[in-house]
Each structure stands twice: as C-alpha cells, then as structure tokens.
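Visitor: Below is the sequence, then the predicted model.
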Amino acid sequence: MLIKCFSAGMFHTNCYVLALGPGSDAIIVDPGQSAAKQAREMLDAYDLKPVAVLLTHGHIDHIWSAREICDAYSIPAYIHPDDRELLTKPGKGIGSMFGALSFLTAGTVFREPEKVLELADGDELDLAGLRLTVDLAPGHTPGSVLFGGEFEGLAESVPIARADGTSRVVLAGDVLFAGSIGRTDLPGGSMPRLLRSIREKLLTLPDDTIVLPGHGLATTIGRERRTNEWIRELRA
C-alpha cells in the first residue's frame, strides 16, 4: 500500500496520493494551490494512473487544482453536494478573507471539472482497487466528509502505522488535526456541529486509527484522546 503526501501552496494543504503500490491506479485527495505539478511528478515517479480526485470539503485551499488535474486526466472529482457550489464560487467559503486573498486568485477562473460526482453519507467507494467509506462530518463546512479505509502494509508510507498487519485510516480534511480541530468562524461553520461530528464519527473509532489531516502531521485517535485539549474537554 502506498500513501504519499505533499504540502501544496501557501496554505500548506496536505495533498495525498493513494495506491495499492507502484504501477497501479491511484486516487488524489485534496489537490490544493499549485498541486497539479507536484501531483504529476509523484504519479510519474511511481508509475501511477489517477482514476479520481476526492475532496474532503470545498474550501479553496483544498479544491484549487481539482479541475486542472481532473480535466488533464479525464477523471471525476467527488465532493459532497453541500460544498459543491464552492468549486465555482470559492469566495463564499471564506467570506471577507477572499478579498484579502484576491492577489492570489488574480487571473484564475474557478470552474467545475468536466465530471463531478456527489458524495452521500454512508457511501462506499471502490476506486483504484481500494474501498473507502464516506462519513458526513459537518462543522468546518456543511459538506465536510471523512474518507475511511483499512489498508495493509502502510508502515513504509506512514511510520505510525502498524507494522504487523492492517491499519485503519481516516482522511479527515480539516475536521481534526494533531493537537487541534477545524476552525468554525468561516461561512457555513458551526462549532456545535463540528464537535458532534468529532464525537460521533471519530471518537467512536479505535485508538490505533490513523488520522491523515488536511494540514500538519499525521496522528492517531488514541493520541488525540490523550493530548488534544479540545477532545479532552469534549469527552469531559
């Protein structure tokens, strides 16, 4: 199993490439600003063929390069319908911040990829030989989702993975980070909904579940139970 991560753009968004191994099909998750070139280089380095782009939510720092990659490879983008509008109107997701960032988007026209498929809570995706579950986890955005799966042989790609067997993995977007949680002060954000999502969709998972967040380092559910002040207060 191959999971590769690189940091994309000035927002340092984690873009993930998932595949069964070199020479196979692949999934790209959250291609942010200027991610297309890096993604292409990683695909070429491991002789991978992309079959889909998965979006954990619609914020501009996670969807920026989705259309470029999808249309270049003629592959679909998957996003929850509650965030789909942000593919063409990313400013609605960050409100007044969009004006401050206008110099970044000058000359950029945001359009949907040629093919967009909508996600639903409870979906199961079979892509690139991998099976991923979809859990709606609103709060950071209305359409934030978690992609989960159980994968073998991750120790080389993800050092905190179990070396002796299958590891459960959650691609958490901006719902949960190492030592923190997603912000809720942007349009569509809700702290009560985010905390409920964390409580019902993440804290129900085993401690050794690996969390691959949208920014920062990988962590585990167990580590966050013990050390994340937001989680400790939520549990109390």
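Guide: Perfect, I can see it now. Values in this document were obtained by computation on a predicted structure and should not be read as measured data.
Visitor: give me the element Thr56 is part of.
Guide: Using DSSP states H and E, Thr56 sits within no helix or strand.
Visitor: Likewise for Cys15?
Guide: Cys15 belongs to strand 13-19 when assigned by DSSP H and E.
Visitor: List the pairing partners of that strand within its sheet, with orientation.
Guide: Under the criterion DSSP bridges, strand 13-19 sits next to strand 2-8 (antiparallel), strand 25-29 (antiparallel) in its sheet.
Visitor: got the buried residues for it?
Guide: Buried residues in strand 13-19, counting neighbours by 16 or more other Cβ atoms under 10 Å, are found at 13-19. Quick note: C-beta positions are derived from backbone N, CA and C, even for glycine.
Visitor: which residues are contacting the host helix or strand of Leu132?
Guide: In the assignment (DSSP H and E), Leu132 maps to strand 130-136. Under the contact criterion Cβ atoms under 8 Å, 6 or more residues apart in numbering, strand 130-136 has outside partners 18-20, 27, 54, 80, 119-125, 143-149, 151, 197, 201.
Visitor: Buried deepest among the strands paired with strand 13-19, which one?
Guide: Highest mean neighbour count of the strands paired with strand 13-19: strand 25-29, a mean of 25 (counted as mean count of other Cβ atoms under 10 Å).
Visitor: Dump the C-alpha coordinates for that one into CSV.
Guide: C-alpha atoms of strand 25-29 as CSV (Å, rounded to 0.1, in the frame of the first residue of the first chain):
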residue,chain,number,x,y,z
ASP,A,25,-4.2,3.1,-10.3
ALA,A,26,-4.3,5.9,-7.8
ILE,A,27,-6.6,8.4,-6.0
ILE,A,28,-5.7,12.0,-5.4
VAL,A,29,-7.1,13.7,-2.3
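Visitor: All set, thanks.
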